[in-house]
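Return atomic coordinates for the entry below.
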Amino acid sequence: MGKPRDFYEVLNIPKNSSPQRIRKAYKTLVKQWHPDKHPISTKPEAEAMFKAIAEAYEALIEIQGKPLFVDYDSGGGVGAPNRSRSRPPAPAPAASFRGEEDNRKPRSQPKDVHHTSSSQKSGFGSNSAPASRKPPPLERKLECTLEELFNGCKKEISFDRDVVVNGSVIRKEETQKIKVKPGWQKGTKITFEGMGDERPGCLPADVIYMIAEKEHPFFKRVGDDLVLKIEIPLVNALTGWTFSFFLITGEKMTLSFRDEIIHPGYEKVMEGHGMPLANKKDRRGDLRIRFQIRFPTKLSEEQRNVIQEALKNGC
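Reported below is the predicted structural model:
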């Protein structure tokens, strides 16, 4: 007969500990002894401790107030519950303990922004039992205008999800706020950990919102740059042109072309007039103005002769 194990001793807490104290100790210890956080040399010890911690937590939550000693060799012991003891669940993957927001690379959007629910922080679902499985995340689009992605904005979203209440699954409406930061690009993911559907014995799923960019009537975004296409008559392309347009900020801009010939493929680059860089304060991409030359559809004989005479020595 092996030596009985004191579950309170496993969790390193007093014997009169409240359920809240038990859960707090469990949360701390599973993070400390999670096998994925240990090198290969100490992984067997970590796995054994992780299983013991999970079993101690389960037993204390279920039979708190009774003598809590179990003889592992005989399958029971003084005060042990009259039930077959199953092995604790396999260790949860390291992704269940994700930390703060991911680091971002220069001139690119944040790949994944995390928000953590209270149930996910505690390490267990609403059924208050250690869980090792996690349902697939719920994915949704969050549509933003180019102006919203330029200036940043706050969005309030509502969605329904399944939650476990007293062992039953019910449908519940949730409301969350998302702070869209200036410079975010389409494809940026905002993850609400533990705010998806719940299932008994499982960790709550995540909810992932992905930024989708609405089409703009004038500008097209390419990375951190903005592209504006302008149609210009051939005569203005050759002889000079002045035109005005509005920037994404609403500011009016006027450009003059006097000494420049606007040829097919010509592009005017205005540095610092593009989108904000999400990870670099006070820096912006460029505005690229691309010209499409409008050629006449017909010319008289006299016009052809004039053009030919004007261009024969210059081309």
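
Am I right that residue 22 sits in a strand?
No - with DSSP: H, G, I helix; E, B strand; the rest coil as the criterion, residue 22 is assigned helix and is not in a strand.

give the contact list for it.
Residue 22 sits next to 11, 13, 57, 60-61, 64 when contact means CB atoms under 8 Å, 6 or more residues apart in numbering. Quick note: C-beta positions are derived from backbone N, CA and C, even for glycine.

Please, which helix or strand holds residue 243?
For residue 243, the host element (DSSP states H and E) is strand 241-246.

List the pairing partners of that strand within its sheet, with orientation.
Using DSSP bridges, strand 241-246 pairs in its sheet with strand 252-257 (antiparallel).

buried residues in the strand it pairs with?
Under the neighbour-count criterion of 16 or more other CB atoms under 10 Å, strand 252-257 has residue 257 buried.

Break the chain into its domains for me.
Recorded structural domains for the chain (assignment: automatic domain parsing) are 5-70, 101-213, 219-297.

Show the average pLDDT along the first one.
On average, the pLDDT along domain 5-70 is 78.

One more: the last one?
On average, the pLDDT along domain 219-297 is 90.

Check the offset of it from the chain's centre.
Centre-to-centre, domain 219-297 and its host chain are 33 Å apart (CA atoms, centre = their mean, to the nearest Å).

again, but for the first one
Between the centre of domain 5-70 and the centre of its host chain there is 32 Å, according to CA atoms, centre = their mean.

export the strand holding residue 243 as CSV, just CAs?
The C-alpha trace of strand 241-246 is given here as CSV (Å, rounded to 0.1, in the frame of the first residue of the first chain):
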residue,chain,number,x,y,z
TRP,A,241,-1.5,70.8,-66.4
THR,A,242,-2.7,72.0,-63.0
PHE,A,243,-5.3,70.0,-61.0
SER,A,244,-6.6,69.7,-57.5
PHE,A,245,-7.8,66.8,-55.4
PHE,A,246,-8.6,65.9,-51.8
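
Return the set of buried residues in it.
So strand 241-246, judged by 16+ other CB under 10 Å, has buried residues residue 241.

among the contacts of residue 22, which ones are buried?
Among the contacts of residue 22, those classed as buried by 16+ other CB under 10 Å are 11, 13, 57, 60-61.

Quick one: closest of the domains of the chain to residue 305.
Each of the domains of the chain has some distance to residue 305 by CB to CB; the shortest is domain 219-297, at 14.9 Å.

Show the end-to-end separation of the closest one, please.
28 Å (CA to CA, to the nearest Å).

try stretch 253-273
This stretch, stretch 253-273, spans 11 Å end to end (CA to CA).

now the strands for this protein?
5-6, 69-70, 112-116, 138-144, 153-165, 168-180, 189-193, 207-213, 219-222, 225-233, 241-246, 252-257, 267-270, 287-294 (DSSP state E).

a markdown table for those strands, including distance to residue 277?
Formatted as a markdown table, those follow (distance: least, CB to CB, whole Å):
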| stretch | distance to residue 277 |
| --- | --- |
| strand 5-6 | 56 |
| strand 69-70 | 59 |
| strand 112-116 | 16 |
| strand 138-144 | 17 |
| strand 153-165 | 17 |
| strand 168-180 | 15 |
| strand 189-193 | 19 |
| strand 207-213 | 16 |
| strand 219-222 | 13 |
| strand 225-233 | 11 |
| strand 241-246 | 22 |
| strand 252-257 | 21 |
| strand 267-270 | 16 |
| strand 287-294 | 14 |
